[in-house]
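S.K.: Pasting a predicted model and its sequence here:
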Amino acid sequence: MSTELQNAQAAEPAVELPPLSRRLRPATKAPVRIVHLGLGAFHRSHQAWYTHQSADAADWGIAAFTGRRPDAALALADQEGLFTLVERADGGDSFTVVSSIVEAVDGAEVQRLAELVAAPATAVITLTITEAAYRLGADGHLDRTASDVVADLALLASGSGNPTTPLGRLVLALAARRAAGAGPLAVVCCDNLSNNGTVAHNAVVGLAGAWDAGLAGWIDANISFVSTSVDRITPRTTDNDVAAVQAACGYRDNSPVVAEPFANWVLSGEFPAGRPRWEDAGAVFVADIEPYENRKLWLLNGAHSLLAYAGQLRGHTTVAQALADPLCLQAVEKFWDEAEANLSGPDGNAGELRIPAYRAALLARFSNARIAHHLAQIAMDGSTKLRMRAVPVLQAERAEGRSGWAAALMISAWIDYSAAATAFQDPLAAEVAAANQLGGPERIRALLALVDPALAGDAAVVDLIEDLCGTFGEPAVSP
Ligand code: CS2
């Protein structure tokens, strides 16, 4: 089912290599039992890989839908869903053909989504729709005033035309399942949010309820929202990666994915209609996911965001480059100290989280210079990401009577970056731009309020962040 070529030597690519297909690489085409929203590189290096590695992979096919653009679905459909996963270690690459995606579909094909979600065989819906797509307000609930939420609600209410947001599409598809009497299933959120199962529940039920209270009740009674902590560093695929696969594997794959060798998946929740044996590939099922989530969101993702803003302000492009800068490294270590002081493990046993080893492993993973993980990719959607990565640590520090210096430093770097970046991408980009027109503490307070209104009311935090602005300099950044 898979091809492994350890440390393959680059060969001269033949002029006409055969395209990757299920004839070239015979692979069982499993029946669709999983529907995925958010077909991107991370889904393929993570959930698709875990499913492919499961002992019962032949029973579990994935139908994966793209978000805004059809491109990824078109490229994958050309290869009958097959793609090469390049596991890029310090010492070399290894290549695996992953065959669990059996249908790759343009997200705009909402009728196909509804048909598949309504099929009794479908047991699991996985989501990687980005943190920002849950349209959470600063209060943790669906922001019903967001313009695309308003537009989707109008479309749902009119019954004509298809929703355009992943949430709107999912709600419509769940309505189809209810109408078909196809019964319960699990929605598995794989986005980097704390308590992501609850977040997905609140967003889906919030949107459904604003359309049809009966549907919201049915979702509550029938759909299990599973929380997960997902981890695998997966940078964007480049043309060089495509060429490397071609040279090493002897076929043409227009859609390979490059990832680090490390992968981790912790899940918590019920699967009323069954699931693949993901544990065969190392997934772990736990009763209490919060300690694992916090460890990953604060230590890995927190450091990523700090490096993304501080690193770009210092003129760096990739995570490995930023980490090699002593000023950035020192900031990360300080943030980790603060985060660590507030991490408690399962049953209060922080020792079980093995933080020193986790930190050491992160330094090694971030320093893998063969993985060009671009800071600009991580910097996107900061107003949402900081709520999970900086705010909880800052709040916990303040509650202990401490300043929260390093978490505040992360926010100050985001603030400096927001004023310097030429292509600032964020769901609140317009509000950020407006706040940046203000001056002094007013500006800091307005920007902080977009991340966490309560912190914006803490004068000591506002003062501290204002002092910390400029720490990493303010050269022009061009993401
Ligand atoms: C990154 C994550 O882009 C980002 O915000 O922090 O995608 C990170 O690479 C993954 O969570 C690693 O598992």
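M.R.: Looks like it came in fine. Residues are numbered from 1 along each chain as shown.
S.K.: How about the residues of this structure by the ligand?
M.R.: Residues of the chain found near the ligand (CB under 6 Å from any ligand atom) are 192, 231-233, 300-301, 304, 377-378, 385. Where C-beta positions appear, they are placed from N, C-alpha and C, glycine not excepted.
S.K.: If we use 5 Å, what do you get?
M.R.: 192, 231, 233, 301, 304, 378 (CB under 5 Å from any ligand atom).
S.K.: mind putting these in CSV, neighbour count, secondary structure and pLDDT included?
M.R.: Converted to CSV, the residues of the chain next to the ligand look like this (neighbours: other CB atoms under 10 Å; DSSP: H, G, I helix; E, B strand; the rest coil; pLDDT from 0 to 100):
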residue, neighbour count, secondary structure, pLDDT
N192, 23, coil, 96
D231, 19, strand, 98
I233, 21, coil, 98
N301, 18, helix, 98
H304, 24, helix, 98
I378, 23, helix, 97
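S.K.: which two in the residues you listed are spaced the farthest apart?
M.R.: In terms of CB to CB, the residues of the chain next to the ligand reach their longest pairwise distance at D231 and I378, which sit 14.1 Å apart.
S.K.: Give me the three-state assignment for the residue most central in space within the chain.
M.R.: Nearest to the mean C-alpha position of the chain, counting by CA atoms, centre = their mean, stands D191 at 4.1 Å. Secondary structure for D191, judged by DSSP: H, G, I helix; E, B strand; the rest coil, is coil.
S.K.: which residue ranges form the helices in the stretch 1-150 of the chain?
M.R.: Counting by DSSP state H, counting those that start in this stretch, one finds helices in the stretch 1-150 of the chain at the ranges 41-45, 47-53, 71-77, 110-117, 147-158.
S.K.: need the ones you listed in a markdown table with distance to I129, mean pLDDT and mean neighbour count, can you?
M.R.: As requested, these are exported to a markdown table (distance: least, CB to CB, whole Å; pLDDT from 0 to 100; neighbours: other CB atoms under 10 Å):
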| stretch | distance to I129 | mean pLDDT | mean neighbour count |
| --- | --- | --- | --- |
| helix 41-45 | 10 | 98 | 25 |
| helix 47-53 | 13 | 98 | 25 |
| helix 71-77 | 13 | 96 | 18 |
| helix 110-117 | 13 | 98 | 20 |
| helix 147-158 | 12 | 95 | 16 |
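S.K.: now the ones you listed as a markdown table including distance to A175?
M.R.: Below are the helices of the stretch 1-150 of the chain laid out as a markdown table (distance: least, CB to CB, whole Å):
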| stretch | distance to A175 |
| --- | --- |
| helix 41-45 | 24 |
| helix 47-53 | 24 |
| helix 71-77 | 23 |
| helix 110-117 | 8 |
| helix 147-158 | 8 |
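S.K.: nearest to W265, of the ones you listed?
M.R.: Distance to W265, taken as CB to CB, is lowest for helix 47-53 among those, at 6.0 Å.
S.K.: For the residue nearest to the centre of the chain, which non-adjacent residue is spatially closest?
M.R.: E131 (5.4 Å; CB to CB, 6 or more residues apart in numbering).
S.K.: Next, the contact list for the one you found, please.
M.R.: Taking CB atoms under 8 Å, 6 or more residues apart in numbering, we find E131 in contact with 191-193, 381, 384-385, 388.
S.K.: Among those residues, which one lies nearest to the ligand?
M.R.: Distances from the contacts of E131 to the ligand were compared by CB to the nearest ligand atom; the smallest belongs to N192, at 5.0 Å.
S.K.: My understanding was that that closest one contacts N301; is that so?
M.R.: Yes - the criterion here is CB atoms under 8 Å, and N192 meets it with N301 at 5.6 Å.
S.K.: Find residues that contact each of these two.
M.R.: Taking CB under 8 Å, 6+ apart as the contact criterion, the common neighbours of N192 and N301 are 385, 388.
S.K.: residue ranges with poor pLDDT in the stretch 351-479 of the chain?
M.R.: Low-confidence segments of the stretch 351-479 of the chain (pLDDT under 70): 474-479.
S.K.: Where do the helices of it begin and end?
M.R.: Using DSSP H, counting those that start in this stretch, the helices assigned to the stretch 351-479 of the chain run over residues 355-367, 375-379, 382-389, 391-399, 405-420, 429-435, 440-451, 453-456, 459-468.
S.K.: what would those look like in JSON lines with distance to A157?
M.R.: Below are those laid out as JSON lines (distance: least, CB to CB, whole Å):
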{"stretch": "helix 355-367", "distance to A157": "47"}
{"stretch": "helix 375-379", "distance to A157": "36"}
{"stretch": "helix 382-389", "distance to A157": "27"}
{"stretch": "helix 391-399", "distance to A157": "34"}
{"stretch": "helix 405-420", "distance to A157": "36"}
{"stretch": "helix 429-435", "distance to A157": "26"}
{"stretch": "helix 440-451", "distance to A157": "29"}
{"stretch": "helix 453-456", "distance to A157": "30"}
{"stretch": "helix 459-468", "distance to A157": "41"}
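S.K.: Out of these, which gets nearest to A179?
M.R.: helix 382-389 (32.9 Å).
S.K.: List the contacts of the closest one.
M.R.: Residues outside helix 382-389 that contact it (CB under 8 Å, 6+ apart) are 131-132, 136, 138, 192-194, 297-298, 301-302, 304-305, 308-309, 410-411, 414, 417-418, 426-428, 432, 450-452.
S.K.: With just CA atoms, put stretch 366-382 into PDB.
M.R.: Provided in PDB are the C-alpha atoms of stretch 366-382 (Å, rounded to 0.1, in the frame of the first residue of the first chain):
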ATOM      1  CA  PHE A 366      12.200  24.000  15.300                       C
ATOM      2  CA  SER A 367      15.900  23.800  14.400                       C
ATOM      3  CA  ASN A 368      15.400  21.300  11.600                       C
ATOM      4  CA  ALA A 369      16.800  23.500   8.900                       C
ATOM      5  CA  ARG A 370      15.700  21.100   6.100                       C
ATOM      6  CA  ILE A 371      12.100  22.100   6.900                       C
ATOM      7  CA  ALA A 372      11.700  25.600   5.600                       C
ATOM      8  CA  HIS A 373       8.700  26.600   7.800                       C
ATOM      9  CA  HIS A 374       7.900  30.200   6.800                       C
ATOM     10  CA  LEU A 375       7.200  32.700   9.600                       C
ATOM     11  CA  ALA A 376       4.700  34.500   7.400                       C
ATOM     12  CA  GLN A 377       2.500  31.400   7.200                       C
ATOM     13  CA  ILE A 378       2.400  31.200  11.000                       C
ATOM     14  CA  ALA A 379       1.800  34.900  11.400                       C
ATOM     15  CA  MET A 380      -1.600  34.900   9.800                       C
ATOM     16  CA  ASP A 381      -4.800  35.200  11.900                       C
ATOM     17  CA  GLY A 382      -2.900  36.400  15.000                       C
END
